[in-house]
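Trainee: have a look; sequence and predicted model below, questions after that.
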Amino acid sequence: MDLSERPEPSLWVSRFMHLVRPQGRVLDLACGSGRHTALFAKAGFLVTAADRDISKLGHLAEARGVRPVEVDLEAGAGWPFPGEAFDAIVVTNYLHRPLFPAILAALAQGGVLIYETFADGNQAFGKPSNPDFLLQPGELLDVVSGSVTPVAYEHGIRQVPRPAVVQRLCAVKGVPPFSLEPR
Ligand SMILES: C[S@@+](CC[C@H](N)C(=O)[O-])C[C@H]1O[C@@H](n2cnc3c(N)ncnc32)[C@H](O)[C@@H]1O
């Protein structure tokens, strides 16, 4: 894929990337065409880009600092990164609930979870409309409770790139305070 074809990064992800340890290890889970892989790799992070179809990464798969991993995350084969700790895990527009414990366990101390995906009510705007792919009210906060410290959480209608109901969370494994603005 031509870099110019890649969708813009989520504003939620770019807003919080400054919390991630510089040059740290980032996991872009269900990375798709790699809009966040590209964002972090360009900023000097080491990015593991995981998806069941990494062909969508195009030339980004060979870019410096990018480790493409083709994996079916729902095949029941277990977490594909045993023993690895990430300074950030980014998940956008993807939900497979059984992965939450492994995602939280794979965060290094000080690691940042940036999550944004569709929530109940999105049926009014189109797909996804299957409840399996829609978070229930407060679910994202509930599922991380006790494992990470929420820095920010929102639930509502997102307008860009098209109207959708989403929940989004940024949370850090460790103890606050964290700098809310880029240094
Ligand atoms: C809506 S796209 C989101 C892509 C990217 N996170 C983004 O926001 O641009 C969902 C992605 O999840 C991937 N996916 C769906 N089921 C998967 C599975 N079982 N294992 C791995 N990846 C999967 C798809 O291939 C697709 O790239």
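Mentor: Cool, the structure landed.
Trainee: contacts and neighbour counts: CA atoms only from here.
Mentor: Will do.
Trainee: and the longest strand seen in the chain, how far out from the chain's middle?
Mentor: Using DSSP state E to define each element, the chain has its longest strand at strand 107-118. Put simply, strand 107-118 sits 7 Å off its chain's centre (CA atoms, centre = their mean, to the nearest Å).
Trainee: same check on stretch 52-70?
Mentor: 16 Å.
Trainee: give me the phi and psi for the residue located most distally from the centre of the chain.
Mentor: In the chain, residue 124 marks the outermost C-alpha relative to the chain mean, sitting 24.1 Å out by CA atoms, centre = their mean. Backbone torsions for residue 124, taken as degrees, to the nearest 10, come to phi -70, psi -20.
Trainee: give me the element residue 28 is part of.
Mentor: Counting by DSSP states H and E, the element that carries residue 28 is strand 25-29.
Trainee: over to residue 41?
Mentor: Assigned by DSSP H and E, residue 41 belongs to helix 35-42.
Trainee: and stretch 143-162, average pLDDT?
Mentor: What stretch 143-162 shows for mean pLDDT is 95.
Trainee: so is it next to the ligand?
Mentor: No: residues of stretch 143-162 contacting the ligand under CA under 6 Å from any ligand atom: none, with a closest distance of 10.9 Å.
Trainee: now that stretch: buried residues?
Mentor: 144, 148, 149, 150, 151, 153, 154, 155, 156, 157 (16 or more other CA atoms under 10 Å).
Trainee: how about the helices in the protein?
Mentor: 11-16, 35-42, 100-105, 139-144 (DSSP state H).
Trainee: can I assume residue 165 is in contact with residue 126?
Mentor: No: checked against CA atoms under 8 Å, the pair residue 165 and residue 126 is beyond contact range at 10.0 Å.
Trainee: what about residue 154, distance to residue 166?
Mentor: The gap separating residue 154 from residue 166 is 8 Å, by CA to CA, to the nearest Å.
Trainee: residue contacts, the residue lying closest to residue 126 once chain neighbours are set aside?
Mentor: The shortest distance from residue 126 to any non-neighbouring residue, by CA to CA, 6 or more residues apart in numbering, is to residue 164 (8.0 Å). Residues near residue 164 by CA atoms under 8 Å, 6 or more residues apart in numbering: 118, 122, 125, 126, 157, 158.
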